[in-house]
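Asker: Please find the sequence and the predicted model below.
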Amino acid sequence: FNFTPQTLSSYPLGLPTAASYAQVFCSDDQAYGGSQAVEPVCYQAVAEPFAQAPCHAIITVPPLAGLILKPVS
């Protein structure tokens, strides 16, 4: 979740595995009244610890929005 009115670019997010993660939900989507500030993408996590997680990915979080990511095979 990003509760600020600013887009968080290059935001590190701790993740459980070094896999590709697809965005499956974004509350900033135009279908939910959002601005669609960030296009849906797939993020690649790397096996470097961050925030007590064994892996992390660098993501972009839209303003005043929440994201749900899902590992893809």
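Answerer: Ah, there it is. Residues are numbered from 1 along each chain as shown.

Asker: Show me the strands in the protein, by range?
Answerer: Counting by DSSP state E, one finds strands in the chain at the ranges 8-15, 20-26, 42-44, 55-61, 67-72.

Asker: now for the longest one, which elements pack on it?
Answerer: Same thing as strand 8-15. Under the contact definition 3 or more C-beta pairs under 8 Å, 6 or more residues apart in numbering; DSSP states H and E, strand 8-15 sits against strand 55-61. For the C-beta atoms, the positions are set from N, CA and C on the backbone; glycine is no exception.

Asker: Neighbours of the residue nearest to Ala18 when sequence neighbours are not counted, how many?
Answerer: Nearest residue to Ala18 in three dimensions, chain neighbours excluded: Ala47, at 4.2 Å (C-beta to C-beta, 6 or more residues apart in numbering). For Ala47, the neighbour count with other C-beta atoms under 10 Å is 9.

Asker: Identify the residue spatially nearest to Gln30, adjacent ones excluded.
Answerer: Nearest one to Gln30, counting by C-beta to C-beta, 6+ apart, is Gln36 at 4.7 Å.

Asker: Give me the neighbour count for Ser9.
Answerer: 10.

Asker: Tell me what the most centrally placed residue in the chain is bridged to.
Answerer: The centroid of the chain falls nearest to Ile59 when counting by C-alpha atoms, centre = their mean (4.8 Å). Note on Ile59: beta-bridge partners Tyr11, judged by DSSP bridges.

Asker: In this structure it contacts Leu15, no?
Answerer: No - counting by C-beta atoms under 8 Å, Ile59 does not reach Leu15; the two are 9.6 Å apart.

Asker: I'd assumed Val46 was in contact with Pro54.
Answerer: No - counting by C-beta under 8 Å, Pro54 does not reach Val46; the two are 10.3 Å apart.

Asker: returning to that earlier point: for the residue nearest to the centre of the chain, give me its contacts.
Answerer: Tyr11, Pro12, Leu13, Tyr43, Leu67, Leu69 (C-beta atoms under 8 Å, 6 or more residues apart in numbering).
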